[in-house]
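Trainee: Have a look at this prediction, sequence included:
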Amino acid sequence: MDNLFLLILTPIIGAIFLSFVCEHTLAKRGALVLSLITLGLTIPFICQFNPEGDFNYEQSYPWITAFGVNFHIGVDGISLPLLVLTNFLVPLIVLTTFKKAFKGNFYALMFFMQSGLMLVFSAMDAFTFYVGWEVALIPIYFICALWGDGDRIRVNLKFFIYTFFGSLLMLVAILYLHQQVATNDFEWHSFVSLDLEASTQRWIFWAFFIAFAIKIPIFPFHTWQPSTYTHAPAAGTMLLAGIMLKMGVYGLMRWLLPVVPEAVAIYGQLAMILCVFAVVYASIIAIQQQDSKRLIAYSSIAHVGLISAGVFTWNVTGMSGAMIQMINHGVSVVGLFFVLDIIQDRTGSRDLRELGGIAKKAPRLAIVFLIIIMGAIGLPLTNGFIGEFLLLKGIYEYSVWFAVFGGLTLILGAVYMLRLYQKTMLGTTSERTAHFVDISGVELYTLIIISAVIIYLGIFPNSLLHISSASVSVLATFLGR
Amino acid sequence: MGAIITLSILALLVLYLGLFKANKSLLPVGLVGLLVVIGLLIKDWKIDASPLYNGMILFDHYAIAFSILCTFVTILVFILSKGYFTSSSDHVAEYYTLLLFSLLGAVLVSSYHNLALLFLGIEIMSVALYILVGIRKKDPASNEAAIKYFIMGAFSTGFLLLGITLLYGASGSFDLMMIRDYVTAHPGAISPLFYGGVLLMIIGLTFKVGAAPFHFWTADVYDGAPILITSFMSTVVKVASFAGLLRLFTFSLLPLQDFWTPIFLGIVVLTLFIGNLSALMQSSFKRMLAYSSISHAGYMLFAVIGIGASSANSIFVYGASYSLATVTAFAALILVKRAVGSDHFESFNGLAKKNPYLAAILTIAMLSLAGIPLTAGFIGKFMMFSSVMAQYHIVLLLIAVLNAAIAVYYYLKVVVAMYFRTAEGKTILINANYVILFIVTTVLTILIGVYPNCFMELI
């Protein structure tokens, strides 16, 4: 039972049925079952995975023969954690929507996106990668624009055009690389074994980098992100922040570093500067936010800035840190947005000035929220600690000064996260929070699962690191080739 | 070959049926006739092509593929026309006859082997359209469009004709083969007359495909003509004109590539920007489609710039995907305009609530026009991009990327109106013939998008 293609197909097939379900109860149950089936189908991939650095579960079918496009998929230690993250987070996100009146079409879009994401994380053919990349974008655009709030139409159009523009740049680069391949195909293996001239590598670097940087988002390509996160429905934000931005980081590791190593050696430092700058810049903005959702949106820019910096260090420590931190960030951010969504549902506000004192009324929520926040700050024994530790160690190996500035994330992160906790949970109750009802049932279980994962990964990070270590080492060998 | 004769007879037959007031039988006869035409064309596929009628016509795979595409799209237009023409006139037979004659011209344009026949084909195609555009006698917009189209068309024909004459003057023949022989036999010593002729031909033909700077007629004519005629013009006529243009440049003028590539580069850049930026400004869906069709002409010219073995296929796939999406969009516009009475973007407001299926189908068509993967439009764009990439025109590709991003904005405008805005109004009903059309176009759009194999190495 380790047919990767079948795994990718499952959500799509389910989504087609779900799109006709108009009744909420049926739709949410169907969605949960479907997402659990997909998660269940993922388990054999974890159990039988051979973390030697090679691709596992490879499948290749001729697709568009005239162009040499193959539907070639497979997973290695870099893709598998993200594939698992996707399939693990989707059931959780479905659970977070249990109290909302979504119909089947909402879930259908979500599952289409899931398939697209899995395709991105497993494609070994650039064309397939591009298709997955775009297929993941369309549903999230509709999710955010249909069920969002405020100025959602304009905001999402901006988001869509931004990312679409980036994708097309990537397409041009892919087409160029395809021209250079003697065997007339789009295979990853052919792309990475190309011997490109330095000048060519440079523009290909930018074409890929801009596409990925928009998605991640890396400063200064981030301007779409805060508004999109803020105006999207909670589930949409979780999909965007939890999974989708990992597409960009994954793209850096899978397609940018190994394909144009010389250009990365030249421009890597510039990219590092952008990433580290974003850490400080976004953190400072996050500290000043009154809208709690916007706060997390900016904190997300800071976190992924550090993750991307870890990728660009191009040493095993930094990249391992990026791998584990991608997973951690995915789990934490879903938890954070879910808690904020619960607060917003109960109080009708996400403005920090109007909240406070929730801990008195809802101790259970306060405890899980604390665990999630500690994870996000990177307290030892939570998942964030090992991630940030490895990232900063990797950056330190790269350059001390970058580590100094990157390290500010620890302090600034604590500032805005604790401020968030203080303004919502502690202090005196306000009008809005005076009758806050504590979480129970689905909400409680969902948050307990998230907290458990945060603590588990904090104590046993090796369960994740051993999957990716060999592949990351292989990736490091591309350096200075 | 039998296709041309059948088509001519069919057009006359339909005209006579109208004369004898057999209005009910017009559409079935027309459809059956067109299916027979397709059948005859398919039958010719296996025959080894050689020029017929003293080298006037060449029915090779190229010609057959484009003829089938044009005929197929005409069938789609016919399906839509049920009940459409009767609302504006009692003389329905003329519509069908003129459309059929125009199609005949399109078939000739895609299969010519002699410049005289190219001229003849373009004229047959256009003259029928001059009338069709202005067929709503009492509608000033329609009249204006017809006059504009006629005068501009006559001008462009003049350029084309003079171009043909100059080519004749230099090479001594109208025959594509002879012209090619002349070009290859005199490298470096080609008469300046010939270059002048090529330039004039470029002007005449880019006018027909609606590329900038000869695009000025397009928006007004497309806007003024009845929607159905617009959909015919923007698909069949455009595709056939491209087939004609590409044939001339691949078959005869290829050795002069260095001369005409820079010209086309300029035309493409102008076309892309003018088409997209103008489309961006429109508040009418119909005018938006008109301008976007200009920008699509720009993308299709990519195949001429990146001319090579796959150019014909690129234009074929692009033309097919563009036609499918455009016909769908115009069909949806007809339905919406009938219900709301306006062709502005606002009339699409809340369509997802009024008719979710129509909204979904139109969304797929828009995504295809925008070139999103898993739709036919993406494959078309992909082929175009890669054919240009083969010649390393990377700056051009970056311009194209910028334009594609602009285009997404206006294509999504209608999606935004349908899904994210609300409006009062009753549900929009779809007739059976529209249902058939939508199923055919949407299934084909997705089929070509997901598994384009069978289309990509056709020619």
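Mentor: Done, it's in. What you see is a predicted model; the values in this text were computed from it and never measured.

Trainee: so the residue in chain B sticking out farthest from the centre, which of the three states?
Mentor: Most distant from the centre of chain B: residue B:189, at 36.5 Å, with distances by Cα atoms, centre = their mean. Secondary structure assignment for residue B:189 (DSSP: H, G, I helix; E, B strand; the rest coil): coil.

Trainee: next one: stretch B:1-12 to chain centre, how far?
Mentor: 21 Å (Cα atoms, centre = their mean, to the nearest Å).

Trainee: For that stretch, list every residue counted as buried.
Mentor: Of all the residues in stretch B:1-12, those buried under the rule 16 or more other Cβ atoms under 10 Å in any protein chain shown are B:1, B:3-4, B:6-7, B:10-11. Where you see a C-beta, it was placed from the backbone N, CA and C, and this is true even at glycine.

Trainee: Could you save the residues you listed as a markdown table and add columns showing pLDDT and distance to chain A?
Mentor: Shown next, in a markdown table, are the buried residues of stretch B:1-12 (pLDDT from 0 to 100; distance: Cβ to the nearest Cβ, whole Å):
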| residue | pLDDT | distance to chain A |
| --- | --- | --- |
| B:1 | 72 | 28 |
| B:3 | 87 | 27 |
| B:4 | 90 | 30 |
| B:6 | 93 | 32 |
| B:7 | 93 | 31 |
| B:10 | 94 | 35 |
| B:11 | 93 | 36 |
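
Trainee: The residues you listed into a markdown table, with extra columns for secondary structure?
Mentor: Compiled in a markdown table, these are given as follows (three-state DSSP):
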| residue | secondary structure |
| --- | --- |
| B:1 | coil |
| B:3 | helix |
| B:4 | helix |
| B:6 | helix |
| B:7 | helix |
| B:10 | helix |
| B:11 | helix |
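
Trainee: now the helix or strand encompassing residue B:68: mean pLDDT?
Mentor: Using DSSP states H and E, residue B:68 sits within helix B:61-81. In this model, helix B:61-81 has a mean pLDDT of 93.

Trainee: repeat for stretch A:18-34
Mentor: Rounded mean pLDDT across stretch A:18-34 is 88.

Trainee: Need the CA coordinates for that stretch. CSV is fine.
Mentor: Output in CSV follows, covering the C-alpha atoms of stretch A:18-34 (Å, rounded to 0.1, in the frame of the first residue of the first chain):
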residue,chain,number,x,y,z
LEU,A,18,-17.9,16.3,-1.6
SER,A,19,-18.5,19.2,-4.0
PHE,A,20,-22.1,18.0,-4.4
VAL,A,21,-22.8,17.9,-0.7
CYS,A,22,-24.8,20.9,0.5
GLU,A,23,-25.6,19.9,4.0
HIS,A,24,-23.0,20.9,6.6
THR,A,25,-23.1,17.9,9.0
LEU,A,26,-22.7,15.5,6.2
ALA,A,27,-20.0,17.6,4.5
LYS,A,28,-17.9,17.9,7.6
ARG,A,29,-18.1,14.3,8.4
GLY,A,30,-17.3,13.3,4.9
ALA,A,31,-14.4,15.7,4.9
LEU,A,32,-13.0,14.3,8.1
VAL,A,33,-13.3,10.7,7.0
LEU,A,34,-11.6,11.6,3.7
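
Trainee: tell me the mean pLDDT for the top helix by length along chain B?
Mentor: Scanning chain B for the helix with the most residues, using DSSP state H, yields helix B:140-171. The average pLDDT for helix B:140-171 rounds to 91.

Trainee: residues in contact with the closest residue to residue B:261 other than its chain neighbours?
Mentor: Sequence neighbours aside, residue B:305 is the residue nearest to residue B:261 in space, at 6.1 Å (criterion: Cβ to Cβ, 6 or more residues apart in numbering or on different chains). The contact partners of residue B:305, taken as Cβ atoms under 8 Å, 6 or more residues apart in numbering or on different chains, are B:261, B:264-265, B:268, B:388, B:391, B:393, B:396.

Trainee: Look at residue B:305 and report its pLDDT.
Mentor: 89.
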